[in-house]
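**Student:** The following comprises the amino acid sequence and a computationally predicted model.
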Amino acid sequence: MDIIEILKDDYQRFPENQTYSIYAEDVYFQDAVFKFRGVKLYQWMIKFIKTFFLNPKMDLHNIQHLGDTIKTEWTLSWNSPLPWKPRISISGWSELLLNSDDLIISHIDYWNCSQVDVLKQHFFPQ
């Protein structure tokens, strides 16, 4: 299966049954909160989301394959485990860099909002 189709399927069922075989063993990951190297830590981060986020959903808005780079645009939303369970939403984009074996060696997420904006959503629902 084509990596674009695999990514589309992964986004659709996120965070369940992600395809980790498309990542290099020493993949570099970075977003507004985390920065690390290794597919094992990436798996741990997804498990964290599955454990502590309620009703997580990843909406894929666009995906482009340009040379050795894949760019995705998305919105991640979930209910926070606070007693009033506010719905939190982060929109952004990812840049995935591929090696010559078409494995993802770098996955960098960019948010369209600040960490403070995300924190505010917990107490001031939109």
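**Tutor:** Okay, I see it.

**Student:** Next, give phi and psi for G67.
**Tutor:** phi 60, psi -120 (degrees, to the nearest 10).

**Student:** residues near the nearest residue to D102 once chain neighbours are set aside, how many?
**Tutor:** Closest residue to D102 apart from its sequence neighbours, by Cβ to Cβ, 6 or more residues apart in numbering: I3 at 5.8 Å. For glycine as for every other residue, the C-beta is placed from the backbone atoms N, C-alpha and C. For I3, the tally of surrounding residues (other Cβ atoms under 10 Å) stands at 16.

**Student:** do you know how far I3 is from H107?
**Tutor:** Distance of I3 to H107, given as Cβ to Cβ, to the nearest Å: 13 Å.

**Student:** Provide a list of residue ranges in this protein with pLDDT below threshold.
**Tutor:** Across the chain, the ranges flagged by pLDDT under 70 are 126.

**Student:** If we use 80, what do you get?
**Tutor:** Scanning the chain for pLDDT under 80 picks out 1, 125-126.

**Student:** so what does the top helix by length along the chain touch, helix or strand wise?
**Tutor:** Ranked by residue count, the top helix of the chain under DSSP state H comes out as helix 39-52. If you count contacts as 3 or more Cβ pairs under 8 Å, 6 or more residues apart in numbering; DSSP states H and E, helix 39-52 packs onto strand 23-30.

**Student:** hmm, who's touching the strand it packs on?
**Tutor:** 35-39, 41-42, 45, 99, 103-109 (Cβ atoms under 8 Å, 6 or more residues apart in numbering).

**Student:** Check stretch 63-78 too.
**Tutor:** If you take Cβ under 8 Å, 6+ apart as the criterion, stretch 63-78 is touched by 3-4, 7-8, 11, 49, 53-62, 87-99, 104.

**Student:** ok, which stretches of this structure are helices?
**Tutor:** 3-13, 39-52, 115-123.

**Student:** Pipe these into a markdown table and attach distance to I70 per row.
**Tutor:** Formatted as a markdown table, those follow (distance: least, Cβ to Cβ, whole Å):
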| stretch | distance to I70 |
| --- | --- |
| helix 3-13 | 7 |
| helix 39-52 | 16 |
| helix 115-123 | 25 |
